[in-house]
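**Q** Let's see this in three dimensions:
(one chain, ligands or ions: 3)
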Amino acid sequence: MSNTILVGAQWGDEGKGKIIDFLTEDADIVVRSQGGNNAGHTVIVGDKKYILHLIPSGILRPKKVCVIGNGVVLDPIAVMKEIDGLRAEKVKVTKENLMISDCAHLVLPYHRGLDEQRELKKGKGKIGTTKRGIGPAYGDKIARVGLRMADLMQPELFTKKLGPRIRENNAILKAYGAAPLNLKAVLEAYLEAGKALAPFVRNTVVYLHDALKAKREILFEGAQGTFLDIDHGTYPYVTSSNTTAGGACTGSGVPPQRMDRVLGVMKAYTTRVGEGPFPTENAGLSNMLHGMGREFGSTTGRARRCGWFDAVAVRYAGMVNGMDEIAVTNLDGLDGLPSIKLCTHYKLGKKTLDVPPSDFLQLEKCLPVYEEWQGWERPTHEAKTFADLPKQAQAYLHRIAELSGAKLKIASVGPNRDQTIVV
Ligand code: GDP
Ligand code: IMO
Ligand code: MG
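**A** Residues are numbered from 1 along each chain as shown. Ligands and ions are numbered 1, 2, ... in the order given. Model prediction:
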């Protein structure tokens, strides 16, 4: 392996967790560099299912080191709960295999409160956030009024800084008609979590640079997906971090020259959870997948909206991320269909577009132009090699790679480790 940035090429939930877990076998270190516990990455090991929110998906492989980088926003109580949950399942989590950046920003209860209130206030125009306080936490970071892990590690300093933040945010919560927070209660809960997390906290930039010098291989675990990126996504229906490849550099302190390749993960169709434009959305496909018990959110349990593969979106994801290779997951979701649609272009009025328009109002007006592919109508979940796949499925995957402008590296035909085909 080499230093690899793994990104979601669609709207999140592409199956990144499964692919990260698979690739971690050949990596030494797995780094999360953005997002928070809005993420839900599913990994299945044997008959056990794990859903990771803040801890990198590499944690399930012994002897691998996991790093939560400076670009992540972290709720210390949520992360402690996740660690306890993993330990209860006999997964080793120690200061030897988990490190947390002292520069990571904290998610505080007022961030969650504001997230909820802003969504309520927007009513029908809501974003459909995970209500984990992600937007307000990144907002405070950019406004330079955030609190960081380093603050939490100094109880006296944290106490001094938290008071004015609670007072200011209580005034805002009050204006929304929401209940104010109790400073003492927040302080106690956070200081307790801080104490438990202290062994994991360090300067992770220095750790990663030492690892680079020692030629250890690093896998960067993207959270969310390209079209949820704060700059390149379907703004304002996005999350609040840079989910695209560049975010791995700024969110970890590893410079671009040290990155060897970018792998884009995508489903063989498209899903989106939350509001916002989705040109290839299709009710029939949604109903079919939900009927199979698939496509319910791993963080909030909401039913995901489903649609056909959107090559216009993925083509753009290829540009923005510099995708060298792709992993296509959930191919088996299409097994039962006699015919499959694949969107190659959009029509916007008289114009034909091969990349999405920047403005979401225009994107909402785009009509997908489809190619129709013959389905394979037989199960793929037992395929072990590319040659085992039906010819129509092979052709469909090749077409996806061609339209993405990247090399097909992995095809996934089920949630388990052994349902992964390296092409
Ligand atoms: P992530 O956020 O990108 O890690 O994706 P999620 O875990 O939120 O959602 C992906 C879902 O698809 C999870 O339930 C995975 O277990 C599942 N999954 C991943 N790859 C495959 C696949 O090839 N086939 C099937 N059937 N399920 C898959
Ligand atoms: P993973 O890493 C799918 C979506 C939310 C909402 C928007 C903003 O599992 O792929 P936020 O809470 O971040 O302010 O919500 O982003 N969203 C995700 N959708 N997968 C995710 O993560 C997501 N994280 C956030 O549904 O539309
Ligand atoms: Mg997910």
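**Q** Where does the residue lying closest to Leu363 once chain neighbours are set aside sit: helix, strand or coil?
**A** Of all residues not flanking Leu363 in the chain, Pro277 sits nearest, at 4.3 Å (C-beta to C-beta, 6 or more residues apart in numbering). All C-beta atoms are positioned from the backbone trio N, CA, C, and that covers glycine. Secondary structure, DSSP: H, G, I helix; E, B strand; the rest coil: Pro277 is coil.
**Q** which phi and psi does His111 have?
**A** Per-residue torsions, His111: phi -70, psi -40 (degrees, to the nearest 10).
**Q** Can you get me a residue count around it?
**A** Residue neighbour count, defined by other C-beta atoms under 10 Å, stands at 25 for His111.
**Q** so what's it closest to, chain neighbours aside?
**A** That would be Gly133: by C-beta to C-beta, 6+ apart, it lies 3.1 Å from His111.
**Q** what about the one you found, neighbour count?
**A** The tally of other residues near Gly133 (other C-beta under 10 Å) stands at 28.
**Q** Glu116 versus that one, what's the distance?
**A** To Glu116, Gly133 is 8 Å away according to C-beta to C-beta, to the nearest Å.
**Q** Repeat that for Thr329.
**A** Using C-beta to C-beta, Thr329 is found at 32 Å from Glu116.
**Q** which of those two has more neighbours?
**A** Neighbour comparison, Thr329 and Glu116: the larger count goes to Thr329, with 25 against 18 (by other C-beta under 10 Å).
**Q** correct me, but the more buried one touches Ile20?
**A** No. Assessed by C-beta atoms under 8 Å, Thr329 is found out of contact with Ile20, at 11.6 Å.
**Q** pretty sure Val30 is in a strand, no?
**A** Yes. According to three-state DSSP, Val30 belongs to a strand.
**Q** just to revisit the earlier point, run a quick check on the residue nearest to His111 versus Asp75, I expect a contact.
**A** Yes. At 7.2 Å, Gly133 counts as touching Asp75 under the criterion of C-beta under 8 Å.
**Q** Need the residues touching each of those two.
**A** Taking C-beta atoms under 8 Å, 6 or more residues apart in numbering as the contact rule, Gly133 and Asp75 both touch Gly36, Val107.
**Q** tell me what the strand ranked longest in the chain is packed against?
**A** Identified as the longest strand of the chain according to DSSP state E is strand 339-348. Here strand 339-348 touches strand 309-310, helix 311-321, strand 351-353, strand 367-374, helix 391-404, going by 3 or more C-beta pairs under 8 Å, 6 or more residues apart in numbering; DSSP states H and E.
**Q** Tell me which of those is the most buried.
**A** Neighbour counts (mean count of other C-beta atoms under 10 Å) averaged over each of the helices and strands packed on strand 339-348 peak at strand 309-310, with a mean of 28.
**Q** what's the burial count for Glu221?
**A** Considering only other C-beta under 10 Å, Glu221 is surrounded by 32 other residues.
**Q** Quick check: it touching Ile29?
**A** No. In this structure, Glu221 is not within contact of Ile29 by C-beta under 8 Å, at 10.4 Å.
**Q** what is in contact with the two at once?
**A** With C-beta under 8 Å, 6+ apart as the test, Glu221 and Ile29 both reach Gly58.
**Q** Which helix or which strand is home to the residue of the stretch 51-200 of the chain found nearest ligand 3?
**A** When scored by C-beta to the ion, the stretch 51-200 of the chain has Ile51 as its residue closest to ligand 3, at 8.1 Å. Here Ile51 sits within strand 48-52, counting by DSSP states H and E.
**Q** which residues touch that strand?
**A** 17, 39-44, 59-60, 82, 86, 89, 91, 298-299.
**Q** does that strand come close to ligand 2?
**A** No. Contact between strand 48-52 and ligand 2 is absent, the nearest approach being 9.0 Å (criterion: C-beta under 6 Å from any ligand atom).
**Q** which of the residues in whichever helix in the chain runs longest are buried?
**A** Across the chain, the longest stretch assigned as helix under DSSP state H is helix 155-176. Buried residues in helix 155-176, counted by 16 or more other C-beta atoms under 10 Å: Phe158, Lys161, Leu162, Arg165, Ile166, Asn169, Asn170, Leu173.
**Q** any weak-confidence spans in the chain?
**A** Across the chain, the ranges flagged by pLDDT under 70 are 1.
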